[in-house]
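*Asks:* Quick check, what structure comes out for this input:
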Amino acid sequence: MKEITFDDILTAGFGEIDSNIRVSFKKTIQREEYNPEVWEASTDLNFEEGMDGADRFMTIALLSAQQEAAMFIHLTQQGAVKAKEYADRKAYLTQSINQIAMKYESLTGRSVTEKYMARGVDDNGNQS
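*Replies:* Okay, here's the model as predicted:
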């Protein structure tokens with residue numbers, strides 16, 4: 001048997017004909033002693049076509065980062081998270097996504113910015 005590499009794991013496909021991805025984020029904040037607040041959000045994405053492992057990997061990473069960033073922005077505005085904690089988390093998420101994008105591009109030869117960042121919607125609702 002061939003030894004399975006990390007790259008094999010990241011690019012594994014399951015032969016699906018459509019894809020459903022769920023991402024959840026939970027943050028517990030201790031505003032008062034013995035009284036934690038739990039903030040949680042989940043997002044579901046449904047695709048009408050299957051996706052390869054590398055695209056699933058990149059999609060989950062981006063969606064997770066977006067959801068976490070949105071939660072941190074909201075919590076910062078609520079005063080539940082300090083601006084420094086938000087800035088630190090934002091820097092971490094940016095660095096993490098850049099590392100994942102480099103791995104995605106090395107595995108696929110496809111550009112993350114062209115595939116995921118350069119999308120727009122035309123007047124007919126079609127993605128470009």
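*Asks:* Surely residue 22 touches residue 41?
*Replies:* No. Proximity of residue 22 to residue 41 does not meet the contact threshold set by Cβ atoms under 8 Å, at 11.3 Å. In short, each C-beta sits where N, CA and C put it, glycine included.
*Asks:* in this structure, which spans are strands?
*Replies:* Assigned by DSSP state E, the chain shows strands spanning 19-32, 35-47.
*Asks:* Could I get those strands in a markdown table, plus columns for mean pLDDT and mean neighbour count?
*Replies:* Shown next, in a markdown table, are those (pLDDT from 0 to 100; neighbours: other Cβ atoms under 10 Å):
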| stretch | mean pLDDT | mean neighbour count |
| --- | --- | --- |
| strand 19-32 | 86 | 13 |
| strand 35-47 | 87 | 11 |
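*Asks:* In JSON lines, list those along with distance to residue 10.
*Replies:* Below are the strands of the chain laid out as JSON lines (distance: least, Cβ to Cβ, whole Å):
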{"stretch": "strand 19-32", "distance to residue 10": "15"}
{"stretch": "strand 35-47", "distance to residue 10": "18"}
